[in-house]
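**Student:** My questions are about this predicted structure, shown below with the sequence.
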Amino acid sequence: MKNILILTDFSKKSWNSILYALSLFKEGNCNFYMLHAQNIHESEFENINSKFINNKISTHLKTQFEILIDKIEKTQLKGKHVFIPIESNNNILEATRFYVKEKKIDLIVIGTNGLCPNEKKQANSISEDVITKVKCSVLVVPMEARFKGLKEIAFPTDFTNFYEAKLLQNLTSLSNYSEALLRFLFLSKKEVILNKEQQWNKETLHDYFKDQPHSFHVEVNQNFEVSIEKFINKVKIDLVVMVAKNLNLFEQILFRPKVTTINYYSKLPFLILH
């Protein structure tokens, strides 16, 4: 049974992330821990009277959780899952760290507004902090994302990292569940020939997924976000999977884009593997 932690502020974006997670794991049995904590950063947290804020929020929190669980039960997606509400007096980052360890969490789910890139830095800094500072895989679900099955999964890579068996096993499990086609996408800023290490890593991926439907592709552009956008539109990608240790790659694609006209932020979920 999977243990999944959903970060919730009872907003529309949070509800959408819950619907997506329930759809993704519809056929399984999961413990869904729904965590509400303070939506402020560590640097800000020390300068605010947190006791006052927590007391003010807690007067309505029990009712909000009851409404949320009742709303879930009225959907056709409840399945055989178990739903456990959690309130924390800590800020969202510290609370997430604690419960990932305490509840042996397999996956964190975060809803985002899916704002355009030049607006993302402030709005989605919680997502960035959780992805980069919590050792757990994270599913980021934009506000406009709708689950329509997983037929195509993109895995951007530059073949410079050897992906450990545990990460590959997580990806295999997801692929088996949905029977999706894995598209390994080599991103480069110029035409290059793979060196020996890159070629070896590519061959390792091919060998590991020999019994799974998969293919290899190349996109060349100075801006990786342009490459990923082009590939998403061409192949009709349903989900992008990335590895957290490849910081340079996923930070440019997710958090440090140089191009402000891309659209994948608003509709496409990202799964970041730790």
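**Tutor:** Sure, I can see it.

**Student:** What ranges in the stretch 151-274 of the chain fall below the confidence cut-off?
**Tutor:** Along the stretch 151-274 of the chain, segments meeting pLDDT under 70 span 165, 175-178, 247-248, 250, 256-261.

**Student:** what's the average pLDDT for stretch 20-33?
**Tutor:** For stretch 20-33, mean pLDDT is 91.

**Student:** Alpha carbons only: can I get it in CSV?
**Tutor:** What follows is stretch 20-33 as a C-alpha-only set of coordinates in CSV (Å, rounded to 0.1, in the frame of the first residue of the first chain):
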residue,chain,number,x,y,z
TYR,A,20,-5.5,14.0,-10.2
ALA,A,21,-3.9,11.8,-7.5
LEU,A,22,-7.1,9.8,-6.9
SER,A,23,-7.4,9.3,-10.7
LEU,A,24,-3.7,8.2,-11.1
PHE,A,25,-4.0,5.7,-8.2
LYS,A,26,-7.6,4.7,-8.8
GLU,A,27,-6.9,1.0,-9.1
GLY,A,28,-4.6,0.8,-6.1
ASN,A,29,-5.0,1.0,-2.3
CYS,A,30,-3.3,4.1,-0.8
ASN,A,31,-3.1,5.9,2.5
PHE,A,32,-3.7,9.6,1.6
TYR,A,33,-2.3,11.9,4.3
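
**Student:** Break down the stretch 51-200 of the chain into its helices, ranges please.
**Tutor:** 92-102, 117-123, 125-133, 165-178, 196-208 (DSSP state H, counting those that start in this stretch).

**Student:** On the three-state scheme, the nearest residue to T172 once chain neighbours are set aside is what?
**Tutor:** Nearest non-adjacent residue to T172, counting by Cβ to Cβ, 6 or more residues apart in numbering: Q212, 6.4 Å away. Heads up, the C-betas are built off the backbone N, CA and C, glycines and all. At Q212, secondary structure determined by DSSP: H, G, I helix; E, B strand; the rest coil is coil.

**Student:** what mean pLDDT does stretch 68-75 have?
**Tutor:** Throughout stretch 68-75, pLDDT has a mean value of 91.

**Student:** For that stretch, give me every contacting residue.
**Tutor:** Here stretch 68-75 makes contact (Cβ atoms under 8 Å, 6 or more residues apart in numbering) with T8, F10, W15, I18, L19, L22, M34, K78, F83, P85.

**Student:** switch to 10 Å and redo it
**Tutor:** If you take Cβ atoms under 10 Å, 6 or more residues apart in numbering as the criterion, stretch 68-75 is touched by 8, 10, 14-15, 18-19, 22-23, 32, 34, 36, 78, 81, 83-85.

**Student:** right, and the residue nearest to T172 touches L181 too?
**Tutor:** Yes - using Cβ atoms under 10 Å, Q212 is in contact with L181, at 8.7 Å.

**Student:** And these two? Which one has more around it.
**Tutor:** L181 (18 against 14; other Cβ atoms under 10 Å).

**Student:** list the contacts for the residue lying closest to the more buried one once chain neighbours are set aside?
**Tutor:** By the measure of Cβ to Cβ, 6+ apart, the closest residue to L181 outside its immediate chain neighbours is P213, 4.6 Å from it. Shown in contact with P213 (Cβ under 10 Å, 6+ apart): S175, E179, A180, L181, L182, R183.

**Student:** Thanks a lot, catch you later.
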